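> need a structure here:
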Amino acid sequence: MAFWFCLRWWYSAGFRFAFNQIGHELHKVGKKIAIETLIKTLFAPWKQISSTGYHQTLGQKLADATVSRTIGFLIRLSVLLYAVVWSAFITLVGLVFLILWPVIPLLPLSLPVLYFMGVTL
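All right, here's what the predicted structure looks like:
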């Protein structure tokens, strides 16, 4: 009886749980990396660093601001690219897992049969 309850859970609530876990993991990436904040501040100066010399010309101030904003842009862009790659990896692994989910309960039955048939990897 317990076996049937396990199978019923596996193919109903268990499958929904596995599917929801993918969304949960993707949400965690968005929260940990603060994607929304990175996009909003993409062109902001890095760590608000700027030199404050007393005798800076307008060209020097512009160059300083440009360098600081370029560094900020490159660092934020690389973190955003990391988030995109990590999210794509989570999605790909999640899809493979969902495809294999219905087959997993059959493995204890099918693996011995395949072994005695002589199937090798």
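
> can you give me the buried ones in stretch 71-84?
Buried positions in stretch 71-84, judged by neighbour count with 16 or more other Cβ atoms under 10 Å: Gly72, Phe73, Arg76, Ala83. In short, each C-beta sits where N, CA and C put it, glycine included.

> after the helix or strand hosting the last one comes which helix or strand?
So that's Ala83. Taking DSSP states H and E as the criterion, Ala83 maps to helix 58-100. Helices and strands here follow DSSP H and E; after helix 58-100, the next one along the chain is helix 107-117.

> kindly format the C-alpha coordinates of that following helix as CSV.
Output of helix 107-117 as CSV, limited to C-alpha atoms (Å, rounded to 0.1, in the frame of the first residue of the first chain):
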residue,chain,number,x,y,z
LEU,A,107,15.2,2.2,-12.4
PRO,A,108,15.2,-0.4,-9.6
LEU,A,109,13.2,-2.7,-11.8
SER,A,110,14.8,-2.0,-15.1
LEU,A,111,18.5,-1.9,-14.1
PRO,A,112,18.7,-5.6,-13.1
VAL,A,113,16.9,-6.6,-16.3
LEU,A,114,19.3,-4.6,-18.4
TYR,A,115,22.2,-6.1,-16.5
PHE,A,116,21.1,-9.6,-17.3
MET,A,117,20.5,-8.7,-20.9
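
> relative to helix 58-100, how tilted is whichever strand or helix holds Gly30?
Here Gly30, judged by DSSP H and E, is contained in helix 13-33. Here helix 13-33 runs at an angle of 170 degrees relative to helix 58-100 (axes from the mean of the first three to the mean of the last three Cα atoms, to 10 degrees).

> check the offset of the next helix or strand after helix 13-33 from the chain's centre.
Of the helices and strands lying after helix 13-33 in sequence (DSSP H and E), the nearest is helix 35-40. Relative to its chain's centre, helix 35-40 lies at 15 Å (Cα atoms, centre = their mean, to the nearest Å).

> buried sites along stretch 28-40?
Under 16+ other Cβ under 10 Å, the buried positions of stretch 28-40 are Val29, Ile33, Ile35, Leu38.

> hmm, who's touching that stretch?
Arg76, Val79, Leu80, Tyr82, Ala83, Trp86, Ser87, Ile90 (Cβ atoms under 8 Å, 6 or more residues apart in numbering).
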